[in-house]
Each structure stands twice: as C-alpha cells, then as structure tokens.
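Enquirer: A structural model of the following input is requested.
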Amino acid sequence: MITKLDSVLLPRKKFIYHYKNMRWAKGRHETYLCFVVKRRVGPDSLSFDFGHLRNRNGCHVELLFLRYLGALCPGLWGYGVTGERKISYSITWFCSWSPCVNCSLRLAQFLSQTPNLRLRIFVSRLYFCDMEDSREREGLRVLKKAGVHITVMSYKDFFYCWQTFVACKQSRFKPWDGLHQNSVRLARKLNRILQPCDTEDLRDAFKLLGL
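Expert: Purely as a prediction, here's the structure:
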C-alpha cells in the first residue's frame, strides 16, 4: 500500500459517522472514498489493491484519487503500445457522498482517455441532488453516459465495507435504524436522476469546464 494514502483501515466510529445514510447528514463536510483496484494482464493474471482516502487541502477526494493512479495502476497509460502487454483495470469506489458536478465532469473526461479502465461507484448519500435542476444531477448523468456504473449502497455494500475497510476487530456490523429504508429511497431517487442520461452529450458537458 502506498504510504501517502490514509491508513488502510478506517476506525469503526469514523466509518459509521461518515457513511451513515441518514436523511439529513449535518456536519458531514468531508467525503470518504474506500477503493478496490483490480489489475489484469491477459486472461489469467489478476492482482488487487485497496485502501481509503478523504478530502485533503481543499482537493476533493475523487480528484485526489486520480493523483495516485500512476502508483495504483502501473502501466495504465502504456495500454495499446506496440510490444506492450495489454493491462486493464477495474476500480470500485465506495463513497460517503456522490461526486459534485465538477468532479463528475473531470472523471468523465479522464475515462474517455483511458479505455482500459472501468469505474464503478457506490454512494451512501446523494450530494445536493434534491432540486430537479441541480447541476450535481447533471454530473451524475454525464458519469453514466461515460460508462460509469453508479449505485446507492445497500446493506450488503455497507457490510462489505465493514469487513474490508474498517478496523472492526471481528466485531459484527450492526445496521443503524433506517439503513434499508434510506437506501431504498435514495436508490429510487438516483434511478429517476439517471433515466434521462441517454439524451446527454459529453462534449456539451465538457464545455461547462472549458475542456
């Protein structure tokens, strides 16, 4: 594991505080991102890495993750070069908040330039997505158009994170009140947000950032 990343395992209380999918998440100004990186070279070679990050020095965690890609995904930019073995990566994020519009657009642009990388994002809560004309909603649609699989975390996802990313010391994951109901409510909202995505054009979205 890369030493500059946060420690591999999250404290139990910190995980529950930041990932709790409550309706009104007051005071949760940071975004935590737990990740799994799977690397495949050919049909028979597979390796993986994992860890977590959070916002640092004003940099959103999604963009911070991209800074570490060179170390996490060696050979990523050598894809398709004559004489090089083709390396593909599958990355899964478990985020306490869904990405903001700026991060969504930059991720979409990055993915359009790295065809050998696939990204799945599981989110505990939706960031500023209550308003119908929210720019954050637009950003999520752009991500889906870019091929990102976006899903709201369910009980099994929280359980997986507890077992994989939390210093739980063999303690069992205890779901909080409303976990299932809030997950279902958020999943329905996300589905409604993503439905119009087929009408979007990535080129128009990139223009919002001057890319």
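
Enquirer: Which parts of the chain are helices?
Expert: In the chain, the helices defined using DSSP state H lie at 12-19, 61-67, 69-72, 101-112, 135-145, 155-165, 179-194, 202-207.

Enquirer: would a markdown table of those with mean neighbour count and mean pLDDT be doable?
Expert: Using the backbone N, CA and C atoms, a C-beta is placed for each residue, glycine as well. Supplementary listing: the helices of the chain in a markdown table, determined by neighbours: other Cβ atoms under 10 Å; pLDDT from 0 to 100:
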| stretch | mean neighbour count | mean pLDDT |
| --- | --- | --- |
| helix 12-19 | 17 | 95 |
| helix 61-67 | 18 | 94 |
| helix 69-72 | 15 | 85 |
| helix 101-112 | 20 | 95 |
| helix 135-145 | 21 | 93 |
| helix 155-165 | 17 | 96 |
| helix 179-194 | 16 | 95 |
| helix 202-207 | 14 | 60 |
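
Enquirer: out of these, which comes closest to F94?
Expert: helix 155-165 (5.2 Å; Cβ to Cβ).

Enquirer: What is the closest one packed up against?
Expert: helix 12-19, strand 32-41, strand 45-54, strand 87-97, helix 179-194 (3 or more Cβ pairs under 8 Å, 6 or more residues apart in numbering; DSSP states H and E).

Enquirer: could I get those as a markdown table with distance to D157?
Expert: Supplementary listing: the helices and strands packed on helix 155-165 in a markdown table, determined by distance: least, Cβ to Cβ, whole Å:
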| stretch | distance to D157 |
| --- | --- |
| helix 12-19 | 10 |
| strand 32-41 | 10 |
| strand 45-54 | 15 |
| strand 87-97 | 7 |
| helix 179-194 | 9 |
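
Enquirer: if we compare the ones you listed, which one ends up closest to R141?
Expert: Closest to R141 of the helices and strands packed on helix 155-165, according to Cβ to Cβ: helix 179-194, at 6.1 Å.

Enquirer: ok, the residue lying closest to L10 once chain neighbours are set aside - how many residues close by?
Expert: Nearest-residue entry for L10: V166, 5.1 Å, with adjacent residues in sequence omitted and distances by Cβ to Cβ, 6 or more residues apart in numbering. V166 is flanked by 22 other residues according to other Cβ atoms under 10 Å.

Enquirer: Against L190, how distant is V166?
Expert: Separation of V166 from L190 (Cβ to Cβ, to the nearest Å) stands at 24 Å.

Enquirer: repeat for K38
Expert: Distance check for K38 against L190: by Cβ to Cβ, it reads 24 Å.

Enquirer: circling back to that earlier point, distance to G42 for the helices of the chain - can I get that in a markdown table?
Expert: Formatted as a markdown table, the helices of the chain follow (distance: least, Cβ to Cβ, whole Å):
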| stretch | distance to G42 |
| --- | --- |
| helix 12-19 | 36 |
| helix 61-67 | 26 |
| helix 69-72 | 20 |
| helix 101-112 | 23 |
| helix 135-145 | 29 |
| helix 155-165 | 26 |
| helix 179-194 | 34 |
| helix 202-207 | 30 |
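
Enquirer: And the ones you listed: which comes nearest Y89?
Expert: helix 69-72 (8.4 Å).
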